[in-house]
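Undergrad: Provide a 3D model corresponding to the input given below.
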Amino acid sequence: MEMKWIKTFIITAKYENFRKTAEALFLTQPAVTKHIKRLEESLNIELFERIGNKVVLTPAGHTFLGYAKEMVAKYEEGMEDFQSWKQGYNRKLIIATAPQIASSFLPALLRSFIDENPDIEVIINILRSYDVGEEISKGRADIGLTRSQPIQTNIKSKIIYEEPVILVGPSECTERGGLNEEMILQKYRLLTHNHPEYWDDLLHEVKRFYPAVRTMVVNQVEVTKRFIEEGLGVSYLPTTMVKEELKNKKLAEFRSEKILLPQSSTYLLTKIETEEVIKFIEFVKDAVSRF
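TA: Take a look at the predicted model:
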């Protein structure tokens, strides 16, 4: 019994059609038919009933489908582990993280962690902040790093870092000189909702003092920063998000005069604290203390 026969069987069960299966697997239709025939011969039982151009699972086929999916999943997991072993890894750590974190302090942190732990294979999944908690809850990741507090009750959540939010605008603003918060918000659109947690309250505060402010929703920080650089607007962003741009004078910071600015929190999420998870948590705690 070959794994390719089993994979063909699973796809055929999905489409109930040999032609569609062939297209999905980039095989010829005779090759699909051959795979199914060989699998049925190996099991000594029919898995499909042929009805014209359609094929439907027999009772045996329905029963075998569950086992087939388990075999493929186990096989693929084993091959991934084997490939990791070939590269010198004997442990794995899957981190689900929000893009705001992945594009700010995480790269430098990971570089140091990997240098200190060369035997741990680190896999990064980039997700929306709201989806990170679900990934941890369902066991698809070991560590979650997010900018929003999770709603799942079966996971642990702790704030590992808090930082100020600042008003930033295009660097051209500094060339004009003397521009304050009110002038900035009158001249430029306010780019909002690029951070998952603080915008509703912050926008209410802004409109309380500046009711005529024009807004534009841009729900990704990297896009927001690019828009600001091009003079399309200004925004309130966490300091780590704009550290490099401020340093390179691509963006400029402006003092907030009336708006009470929020703090931005980074949450670390876990469900099962393995040795690798504990090692990473300790490393992160030490690293953020030096930010």
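Undergrad: Flag every buried residue along stretch 155-164.
TA: Of the residues in stretch 155-164, those with enough neighbours to count as buried (16 or more other CB atoms under 10 Å) are 155, 157, 161, 163. In this view, the C-beta of every residue, glycine as well, is placed from N, C-alpha and C.
Undergrad: do stretch 214-221 as well
TA: 215, 218, 220-221.
Undergrad: next one: it to chain centre, how far?
TA: Using CA atoms, centre = their mean, to the nearest Å, the mean C-alpha position of stretch 214-221 is found 20 Å from that of the whole chain.
Undergrad: I'd like the list of the buried residues of stretch 214-221 that fall within strands, please.
TA: Among the buried residues of stretch 214-221, DSSP state E puts residue 215 in strands.
Undergrad: In a markdown table: the buried residues of stretch 214-221, plus distance to residue 244 and pLDDT.
TA: Below are those laid out as a markdown table (distance: CB to CB, whole Å; pLDDT from 0 to 100):
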| residue | distance to residue 244 | pLDDT |
| --- | --- | --- |
| 215 | 26 | 95 |
| 218 | 19 | 93 |
| 220 | 17 | 85 |
| 221 | 13 | 87 |
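Undergrad: Out of the buried residues of stretch 214-221, which is nearest to residue 72?
TA: In terms of CB to CB, no member of the buried residues of stretch 214-221 lies closer to residue 72 than residue 220, at 35.2 Å.
Undergrad: Next, give me the two most distant ones among the buried residues of stretch 155-164.
TA: So for these, where distance means CB to CB, the most widely separated pair is 155 and 163, at 23.1 Å.
Undergrad: list the buried ones in the host helix or strand of residue 279?
TA: Secondary-structure assignment from DSSP states H and E places residue 279 in helix 275-288. In terms of neighbour count (16+ other CB under 10 Å), helix 275-288 has its buried residues at 276-277, 279-281, 283-284, 287-288.
Undergrad: Likewise for stretch 37-44?
TA: Buried residues in stretch 37-44, counted by 16+ other CB under 10 Å: 39-40.
Undergrad: Which of the buried residues of stretch 214-221 fall in helices?
TA: Using DSSP state H, residue 221 are the members of the buried residues of stretch 214-221 that sit in helices.
Undergrad: For this protein, give me the ranges with low pLDDT.
TA: By pLDDT under 70, the weakly predicted segments of the chain are 81-90, 174-178, 289-291.
Undergrad: Neighbouring strands of the strand ranked longest in the chain in the sheet, and parallel or not?
TA: Scanning the chain for the longest strand, with DSSP E as the assignment, gives strand 156-170. Strand pairing for strand 156-170, determined by DSSP bridges: strand 235-238 (antiparallel), strand 251-254 (antiparallel), strand 263-270 (antiparallel).
Undergrad: Now that strand - C-alpha only, PDB.
TA: As requested, C-alpha coordinates have been extracted for strand 156-170 and formatted as PDB (Å, rounded to 0.1, in the frame of the first residue of the first chain):
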ATOM      1  CA  LYS A 156      -3.100  31.600  29.700                       C
ATOM      2  CA  SER A 157      -2.500  35.300  28.900                       C
ATOM      3  CA  LYS A 158       0.000  37.700  30.400                       C
ATOM      4  CA  ILE A 159       1.200  41.200  29.500                       C
ATOM      5  CA  ILE A 160       4.900  41.100  28.800                       C
ATOM      6  CA  TYR A 161       5.400  44.600  27.600                       C
ATOM      7  CA  GLU A 162       3.600  48.000  27.700                       C
ATOM      8  CA  GLU A 163       4.700  51.000  25.700                       C
ATOM      9  CA  PRO A 164       3.400  54.500  24.900                       C
ATOM     10  CA  VAL A 165       1.400  55.400  21.800                       C
ATOM     11  CA  ILE A 166       2.600  58.500  20.000                       C
ATOM     12  CA  LEU A 167       1.300  60.800  17.300                       C
ATOM     13  CA  VAL A 168       3.400  60.500  14.100                       C
ATOM     14  CA  GLY A 169       3.200  62.300  10.800                       C
ATOM     15  CA  PRO A 170       5.200  62.600   7.600                       C
END
